[in-house]
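Asker: requesting a structural model of the entry that follows:
(chains A and B)
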Amino acid sequence: MANEEFSDKENIIVPEDARDEETELSEYTGHPCCNPSHALHRFFALIFMCLLGFGSYFCYDNPGALQDNFIEDMKLTTSQFVYLYSWYSWPNVVLCFVGGFLIDRVFGIRLGTVIYATFVLIGQIIFALGGVLDAFWLMVVGRFVFGIGGESLAVAQNSYAVLWFKGKELNMVFGLQLSFARVGSTVNFVVMEHLYKLVNKTYQGYMCTGVVLFIAATTCVMSLICGIILGVMDRRAERILKRKTSEEGEVVHITDVKDFPAIFWMVSIVCVAYYVAIFPFIALGKVFFERKFDFSPENANTVNSIVYIISAVASPLLGFVVDRVGKNVFWVFLSVLVSVGCHALLAFTFLNPYIAMCILGIAYSMLASALWPMVALIIPEYQLGTAYGIAQSVQNLGLAVISLVCGKIVDSSGYLLLEVFFLACLCVALITTVVIWILDSNTSGLLNMTPSQREIYERNRLAAEMLEREKLMASGSMSDITPHDLLQPQSDFHIRNRYLSRIGATLPSHYNVNAKGHAYRALR
Amino acid sequence: MAWIRVLIPSLWIVAYYCATVKGWEREITSELNPGCPDILCNGTFRIAHIKAKGPNDTLHYVWDLTKKPSLLLALTTHNATVSFDWDCIGNGKECSMSFSEKPLYRFGIVFNKMWEFNDVNDTGIFDQTNKSNSYVRVLNTEHFSWNRTVFDQDSRSVSIGVKSEKYVNGNTVKNGTVKLLVKGFGYLDHSEMLPHLLHTPNTSQVDFVIDGLTTEPSFSNSRFALELVLVGSDQTASNIQIVEHQSLDDEHAPGVFTLVDVETPDSAGSAKGGYLQWRPVAYISSVRDVANSTDATIYSPQNVTNPVEDLKGTLVLSGFCSNDTGTETCLNATLVQATAVSFGLKEDGFYKKTKYMAWTFTMGYGKPPDEDFSLLVILVISIGLGLPALLIIVSGLVMLIRRVSRKKDDLFLGR
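Answerer: Alright, predicted model coming up:
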């Protein structure tokens, strides 16, 4: 990719380090799977990226898979059992944001990933220790530590995906990561029961629970190892590709959050309003299918989990489609609209719910693979960890609150009203999507472009920046300020450049517009 | 999401006003043990007479606990009166109660018996053909000792509750409480208590609770069932029908999407007969919610082999046959059928799980009322779907206009 990009710019100005990159790249003649600019190498990294989250998704649902055993062995009440989940999710309303910010500002992605993976591992070990020692409070502490790592690790995973795949197969990678999360959780539900029975031959009671959890912790060790390997690979790729890291370019500040574009906040709203109609619905779905459609418990479970099963398969495929076609806003709009239809079918007809749930599964996968990459298109890379952290925090908050609300709605007013509530949420998502569409088409229209349009747009933008820089260098007179310039939006960066060149200061190398290009890397 | 929280209460207010404005009402008056001499009644509750006076006619409910609990509904003109003969009541004769003129329509239910059955295979279904002693025990409702616990009334409604704490029939003694709560309503609304059944001015509601009743020691998986004998003065010679219909709306009874109507031939045909209506749900805890619920299953109505025996001593019998010469001929000309309702569902842990079972039904005259979507649901849906549609249309138009005007600008600049 890099070769082509730079040859286009040769007729303008090619900065020193970019020339170096070109030479070094052309010199690198290793095997494709070791060549960081080759697709094969990227997919090699993708495997580690997916496995990175496997441990945390696997262990997250350990209590769910062993619910009865937990309650019996540790002598818990149901409300105590719920703590194991609430002490994971509530702190993450804030911690996701902090975690994302720390990746951008302090740790950097490589170190951050390793640190969060370590937190996950330590958390799981404390959790298991709580089992072995029959100390419930220790288990809760373990879940809390696990939570600190778990959600922030997901943010790191997103950031890695963007770093390696933006402008290439990003949508598909997001889809793939989603499906891996599902696989992790599903494998957990399948394996843990058997594992428990196996261990129960040697250990009994809380000891057994503890030992099983220790065994589950090995998946976290694997994830940690993946994190380290990924860090090494990323370091190497950075060296070879001369990719700039955030320490050299702009640095994120906590106050940058208030300057995030409106579209980003809209995406966060869609995120909450849409996911609310999926996760809490599935949590309450089993009884709904039993009651309304007279399904047996097993059948109700199957139809309830079909959304997850479909998303595991369909997410990467639909992500691939979005990669080819672009037009993310359109896909999001379509998914929300189809989901409205599905929930309407469930609410107002007695049509076999398999139909509605299958379509819902596809719509959900489509949304997940089209929505999340949009954040990467509107937020510069050096703020991306923070942005994903915020989006996930907002989502966690929304889900935690709405789950409670949903329970109350069912108890007081039944499932019809619950469905109506979900429809209302989806309508909020729909309206917000339309607003995003309007805002986007009023500005650059970047979100709804096809990949080739995006590429042209990026090139033009880079060229325009280059042109401005040239003008700045040219003279100190007023003649360089054309009416056209005054009409253009002025970024801090440009104003500062203009000022520095006026007073005759030499521009630092990282003020070079090309070098800043890493923040808005070309999309293709 | 904040707008929803603002919207919902305001919609409730609108819905409340709409609901209270419409409809006609009956004026309720009630009397306990009407005309009973102190020697006979002295503090014990035997009979309640509830009168619901409407614009065109009067509905009488006679709630009788002298023998088996029974409830008689009679539709008369305004002029008709009901008189009770306490000597006859004391002797359990048919002359116990009489109307001053023949009622337009009569419908009665008798809580004839309770069954305790041993559901060894955990099916949740009561097998009426199996009479084996190891499977089923019959509790004759006559042998409960009823005491009044509740009596509240105003001009729109009345509640009368009774409970029995002991069942004694020969050697069989059972401790534990069985409660019955009858409510007469003069207006259209949903009842306050789950499953929030819909009642009209023509309806009363019966709530039945078995709380902590000792079960047969030899039965491992006890469940209970109830036999109701239905008596109607229907003109049409046909059977009582059971209609189960699915409703989309579980707003009033969360998690229950079915409504059961038990219609007499006249109710089904011309909406001039009696009916029972309920949600097929029973609650297994005094805190009624979705999690604490199980099924109430109905079995098809059967003809009663010996109606005189089953109805003997109840005011339902006098209500139908007091003016006739022979009880047997009178009952032969009357619709008398029995239906059973069992409580429990596969894998719900049987009665022993909570030792509590509550079931509610309504009894009324006319056509069983249908549930409609509430105003709240309709409003949320129409706003929720209308608003995005409007927004899409408007924004589409705006974009179109912008595009057209932008083209004009370009032309202008090009000149």
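
Asker: just the buried positions in the lengthiest helix in chain B, please.
Answerer: Longest helix in chain B by number of residues, with DSSP state H as the criterion: helix B:375-414. For helix B:375-414, a neighbour-count test (16 or more other C-beta atoms under 10 Å in any protein chain shown) marks B:Leu375, B:Leu376, B:Val377, B:Leu379, B:Val380, B:Ile381, B:Gly384, B:Leu385, B:Pro388, B:Leu391, B:Ile392, B:Ser395 as buried. The C-beta positions use only the backbone N, C-alpha and C, and glycine is treated the same way.

Asker: distance between that helix and the chain's centre?
Answerer: Its chain's C-alpha centre and that of helix B:375-414 lie 51 Å apart, by C-alpha atoms, centre = their mean, to the nearest Å.

Asker: packing partners for that helix?
Answerer: Secondary-structure packing of helix B:375-414 (3 or more C-beta pairs under 8 Å, 6 or more residues apart in numbering or on different chains; DSSP states H and E): helix A:384-442, helix B:2-21.

Asker: deepest in the core, which of those helices is it.
Answerer: Among the helices and strands packed on helix B:375-414, ranked by average contacts under mean count of other C-beta atoms under 10 Å in any protein chain shown, first place goes to helix A:384-442 (a mean of 22).

Asker: re earlier: turn the helices and strands packed on helix B:375-414 into CSV, columns for mean pLDDT and distance to A:Pro297.
Answerer: Listed next are the helices and strands packed on helix B:375-414 as CSV, based on pLDDT from 0 to 100; distance: least, C-beta to C-beta, whole Å:
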stretch, mean pLDDT, distance to A:Pro297
helix A:384-442, 88, 17
helix B:2-21, 54, 32
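
Asker: what does stretch A:436-446 contact?
Answerer: The contact list for stretch A:436-446 (C-beta atoms under 8 Å, 6 or more residues apart in numbering or on different chains) reads A:262-263, A:266-267, A:270, A:329-330, A:332-333, A:377-378, A:447-448, A:454, A:457, B:395, B:398-399.

Asker: ramachandran coordinates for residue 35?
Answerer: Just so you know, I chose chain A. Reported as degrees, to the nearest 10, the phi and psi values for A:Asn35 are phi -90, psi 110.

Asker: wait, chain B
Answerer: Per degrees, to the nearest 10, the backbone of B:Gly35 is at phi 70, psi 20.

Asker: give me the beta-bridge partners of the closest residue to it other than its chain neighbours?
Answerer: Among residues not flanking B:Gly35 along the chain, B:Phe84 sits closest, at 5.8 Å (C-beta to C-beta, 6 or more residues apart in numbering or on different chains). Following DSSP bridges, B:Phe84 is listed with bridge partners B:Met97.

Asker: look up how far B:Asn147 lies from B:Phe84.
Answerer: Applying C-beta to C-beta, to the nearest Å, the value for B:Phe84 to B:Asn147 is 20 Å.

Asker: same check, this time on A:Ile306
Answerer: Distance, A:Ile306 to B:Asn147, by C-beta to C-beta: 54 Å.

Asker: so which of B:Phe84 and B:Asn147 has more stuff around it?
Answerer: Neighbours per residue, other C-beta atoms under 10 Å in any protein chain shown: of B:Phe84 and B:Asn147, the larger number sits with B:Phe84, 22 against 13.
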